[in-house]
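>>> What shape does this take:
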Amino acid sequence: MVRLTLELLQQAPQSLNPASQRQLLLRGFKIPSIENLGGTNDAYECIDLSDNDLIKLGNFPPLKRLKVLLLANNRVSRIAGDCFDVLPQLMSVTLTGNKIEKLVDLEPLTKLKTLERLSLLDNPVTKVKHYRPYMINKCGKSLRILDFNKIKDKERKAAGLLFAGDRGKKLLEEIAPARAAGKDQPEKAAVEGGRVGPSPEVIERIKKAIAEAETIEEVTRLEKALKSGVLPEDLAKAPEKPEEQPAEKKQKTEAMDVDAEAKPAKAAEKMDVDAAAKAPAKTAADSSGTSQYKEIAGVRYERNIIDKAVAYAKDGQISQKEAKDLWETAMDGHRVTETERRTLEYTMKTHKYTESAKKWMTERLAAKDADLIGKAEDEVEKSGTSQYKTINKVKYERDILDKAAAYAKDGQISKEDAEKLWKAAMDGSRVTLIEKRTLEYTLKNNKYTDGAKKFMEENLATLNKADDAICSKAALKAESMQVDADSDLE
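Numbering: from 1, shown residues only. This next block holds a predicted model:
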């Protein structure tokens with residue numbers, strides 16, 4: 001475990017990420033808490049604190065330039081209420097693989113007015129009922145991507161309806177109840193109660209509570225209480241209960257469960273009002289994952305279109321009404337991208353459409369109107385006009401870097417994207433040394449899918465073998481020339 005000291009900040013690697021942002025790499029040091037970040041002199045747009053041991057998020061100094069904060073694979077279970085008040089430009093927060101359990105713990109994130117991208121994947125809180133609608137409703141329109149999945153207008157409307165009016169307020173109180181006022185101040189309570197020697201009974205009760213604790217935070221709180229010798233309020237107020245109490249508790253729990261099941265059902269009825277106007281009278285499509293895209297045999301498709309088509313085809317075929325809904329889903333951005341078009345064609349190959357549905361969809365897919373079908377995915381934003389881009393005094397191909405940055409915006413580079421990068425490097429029928437170096441740089445600094453990584457590594461390995469062969473030929477030629485020179489001397 002390493003403290004975040006000024007010395008560590010000075011020695012930590014620094015680089016430009018694919019988005020041309022200066023980043024400070026502090027990952028993998030097992031840092032237990034955030035401190036001394038003022039020593040960065042607000043010089044970075046991105047700080048990577050992934051793969052550490054952070055438990056509570058807070059104690060940031062004013063960092064006006066910071067836009068991206070990477071905190072994946074820590075043990076974060078709490079976020080300080082004023083955590084982000086001093087980060088006015090923060091746009092992207094990645095908290096994948098942490099320990100956040102309650103919706104109320106996400107309140108500091110919902111106050112971020114500049115937040116555009118947020119990931120909470122692999123946190124217990126994502127399994128809480130209505131988690132996604134709650135975050136969409138609380139974060140407002142600034143949040144565009146949640147858990148690597150684009151937020152659509154339909155979701156915003158549904159979330160607004162779900163939490164509207166008195167019924168919505170009651171639902172909020174149920175799924176995200178306010179935290180108890182005294183729960184966050186165990187140390188203060190211990191001081192006010194006086195530091196006296198604990199009795200054996202108090203020690204026993206605290207030890208029992210530690211054994212039954214479910215979170216690291218709870219264990220830490222109880223251990224401090226054990227050292228201070230003061231019984232926490234929640235344990236002090238709990239009297240010894242008779243033997244028959246568990247049965248009574250079970251009855252109460254069952255009654256609460258029945259009530260809890262009834263309330264979400266009523267809220268769901270209101271949420272379905274908007275969906276019923278567009279969705280067919282079939283079982284709603286179960287999501288096959290959380291990312292926007294789904295890769296099948298190395299080809300990328302739109303996940304939500306695939307899921308809907310599977311649900312619609314459960315009765316044997318897809319009707320014209322359902323085909324129209326699939327088209328409307330693809331038209332969410334007022335145009336059909338190449339990936340969405342490819343996905344619709346895939347559904348026609350893998351599912352049975354009625355004759356009218358097939359004819360209707362075929363006519364739409366055959367349209368040449370540029371307003372309907374575009375190649376927005378291939379339109380890559382350029383980071384500059386020169387052919388090369390220098391990073392840490394090393395020259396790279398700007399076009400390949402820009403494309404890799406664009407392809408990685410959804411979280412990872414697919415095999416299809418990797419093939420496009422390779423094709424871009426092969427524009428002159430061969431891959432130059434700089435192009436090869438650039439491809440290797442994208443592998444190190446971007447996340448590839450397994451299929452994409454394998455494809456790129458195999459092609460780069462072919463280049464390495466070719467380089468070795470050229471070097472061997474050159475060496476043999478040089479040796480031959482030396483032998484000829486020696487014979488001439490004789």
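>>> Point me to the residue sitting closest to the centre of the chain.
Ser119 (3.2 Å; C-alpha atoms, centre = their mean).
>>> Across the sheet, point out what pairs with it.
Thr94 (DSSP bridges).
>>> residues touching it, list them.
Listed by C-beta atoms under 8 Å, 6 or more residues apart in numbering, the contact set of Ser119 reads Ala72, Val93, Thr94, Leu95, Thr96, Leu146, Asp147, Phe148, Gly411. Heads up, the C-betas are built off the backbone N, CA and C, glycines and all.
>>> Quickly find the element holding the first one.
Same thing as Ala72. Per DSSP states H and E: Ala72 is located in neither a helix nor a strand.
>>> That one: neighbour count?
Other residues near Ala72 come to 19 when the count uses other C-beta atoms under 10 Å.
>>> I'd assumed Ser50 was in contact with it.
Yes. Counting by C-beta atoms under 8 Å, Ala72 does reach Ser50; the two are 4.3 Å apart.
>>> tell me the SS of Glu381?
Here Glu381 is coil, with the state taken from DSSP: H, G, I helix; E, B strand; the rest coil.
>>> That one - how many residues pack around it?
Glu381 has 8 neighbours, counted by other C-beta under 10 Å.
>>> before we move on, what about Ala178?
Ala178 has 9 nearby residues by other C-beta under 10 Å.
>>> Could you check the pLDDT of the residue nearest to the centre of the chain?
pLDDT, Ser119: 93.
>>> what's the answer for Lys294, then?
Confidence score, pLDDT, at Lys294: 83.
>>> In CSV, list the C-alpha atoms belonging to the strand or helix carrying Leu172.
Using DSSP H and E, Leu172 sits in helix 165-175. The C-alpha trace of helix 165-175 is given here as CSV (Å, rounded to 0.1, in the frame of the first residue of the first chain):
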residue,chain,number,x,y,z
GLY,A,165,-46.0,13.7,-9.2
ASP,A,166,-46.7,12.4,-5.8
ARG,A,167,-46.4,8.8,-6.8
GLY,A,168,-42.9,9.5,-8.2
LYS,A,169,-41.9,11.2,-5.0
LYS,A,170,-43.0,8.2,-3.0
LEU,A,171,-41.1,5.9,-5.3
LEU,A,172,-37.9,8.1,-4.8
GLU,A,173,-38.3,7.8,-1.0
GLU,A,174,-38.6,4.0,-1.3
ILE,A,175,-35.6,3.3,-3.6
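>>> Determine the set of other helices and strands touching it.
Secondary-structure packing of helix 165-175 (3 or more C-beta pairs under 8 Å, 6 or more residues apart in numbering; DSSP states H and E): helix 245-278.
>>> Give me the contact list for the following helix or strand past the helix it packs on.
With elements assigned by DSSP H and E, the helix or strand that comes after helix 245-278 is strand 293-296. Outside strand 293-296, the residues within contact range by C-beta under 8 Å, 6+ apart are 288, 300-303, 306, 339, 346, 410, 414-415, 449, 451.
>>> at 7 Å instead, please
Ser288, Arg300, Tyr301, Glu302, Arg303, Ile306, Asp410, Ser414, Lys415, Thr449, Gly451 (C-beta atoms under 7 Å, 6 or more residues apart in numbering).
>>> can you pull the buried residues of the helix holding Leu172?
By neighbour count with 16 or more other C-beta atoms under 10 Å, helix 165-175 contains the buried residues Gly168, Leu171, Leu172, Ile175.
>>> same thing with stretch 22-39?
Gln23, Leu24, Leu25, Leu26, Arg27, Phe29, Ile31, Pro32, Ile34, Leu37.
>>> and which of these is nearest to Phe163?
Ile34 (32.3 Å; C-beta to C-beta).
>>> For the closest one, which residues are in contact?
Ile34 makes contacts with Leu4, Leu54, Gly58, Asn59, Phe60, as judged by C-beta under 7 Å, 6+ apart.
>>> just Arg398 next, same as before
Ser383, Gly384, Ser386, Gln387, Tyr388, Lys389.
>>> Please repeat the previous calculation with a cut-off of 10 Å.
Lys382, Ser383, Gly384, Thr385, Ser386, Gln387, Tyr388, Lys389, Thr390, Thr438 (C-beta atoms under 10 Å, 6 or more residues apart in numbering).
>>> shouldn't the first one be in contact with Asp399?
When you say that, I think you mean Lys382. Yes. Between Lys382 and Asp399 there is a contact at 8.1 Å, judged by C-beta atoms under 10 Å.
>>> So which of those two has more stuff around it?
Asp399 (20 against 8).
>>> Which pLDDT does the model give Glu173?
84.
>>> measure it to Ala164 for me?
14 Å (C-beta to C-beta, to the nearest Å).
>>> and the nearest residue to Thr347 once chain neighbours are set aside, which of the three is it?
Of all residues not flanking Thr347 in the chain, Ala309 sits nearest, at 4.0 Å (C-beta to C-beta, 6 or more residues apart in numbering). When classified by three-state DSSP, Ala309 comes out as helix.
>>> and Ala309, what does it touch?
Under the criterion of C-beta under 10 Å, 6+ apart, the neighbours of Ala309 are 285, 318, 322-323, 325-326, 329, 343-344, 346-348, 350-351, 353.
>>> Provide a ChimeraX selection command restricted to the buried entries of these.
To isolate the buried ones among the contacts of Ala309 in ChimeraX, judged by 16+ other C-beta under 10 Å, type:
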select :285,318,322,323,325,326,329,343,344,346,347,348,351,353
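>>> which one of the contacts of Ala309 is nearest Arg132?
Comparing the contacts of Ala309 against Arg132 with C-beta to C-beta places Ala285 closest, at 14.9 Å.
>>> Do you know the pLDDT at the closest one?
Looking at Ala285, its pLDDT reads 53.
>>> Hmm, Leu421 and Thr438 touching each other?
Yes. Using C-beta under 10 Å, Thr438 is in contact with Leu421, at 8.9 Å.
>>> Now do the shared contacts for these two.
Shared contacts of Thr438 and Leu421 (C-beta under 10 Å, 6+ apart): Asp399, Ile400, Leu401, Ala404.
>>> Roughly how far does the third one sit from Arg430?
Counting by C-beta to C-beta, the gap between Leu401 and Arg430 amounts to 19 Å.
>>> between those two, which one's more packed in?
Remark: of Leu401 and Arg430, Leu401 carries more neighbours, 24 against 10, as counted by other C-beta under 10 Å.
>>> Which helix or which strand is home to that one?
helix 398-407.
>>> mind exporting that helix as PDB, just the C-alpha atoms?
The C-alpha trace of helix 398-407 is given here as PDB (Å, rounded to 0.1, in the frame of the first residue of the first chain):
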ATOM      1  CA  ARG A 398      -2.200  11.300 -37.100                       C
ATOM      2  CA  ASP A 399      -5.000   9.700 -39.200                       C
ATOM      3  CA  ILE A 400      -4.700   6.300 -37.500                       C
ATOM      4  CA  LEU A 401      -4.600   7.900 -34.000                       C
ATOM      5  CA  ASP A 402      -7.700  10.000 -34.800                       C
ATOM      6  CA  LYS A 403      -9.600   6.900 -36.100                       C
ATOM      7  CA  ALA A 404      -8.600   4.900 -33.000                       C
ATOM      8  CA  ALA A 405      -9.900   7.700 -30.700                       C
ATOM      9  CA  ALA A 406     -13.200   7.800 -32.600                       C
ATOM     10  CA  TYR A 407     -13.700   4.000 -32.600                       C
END
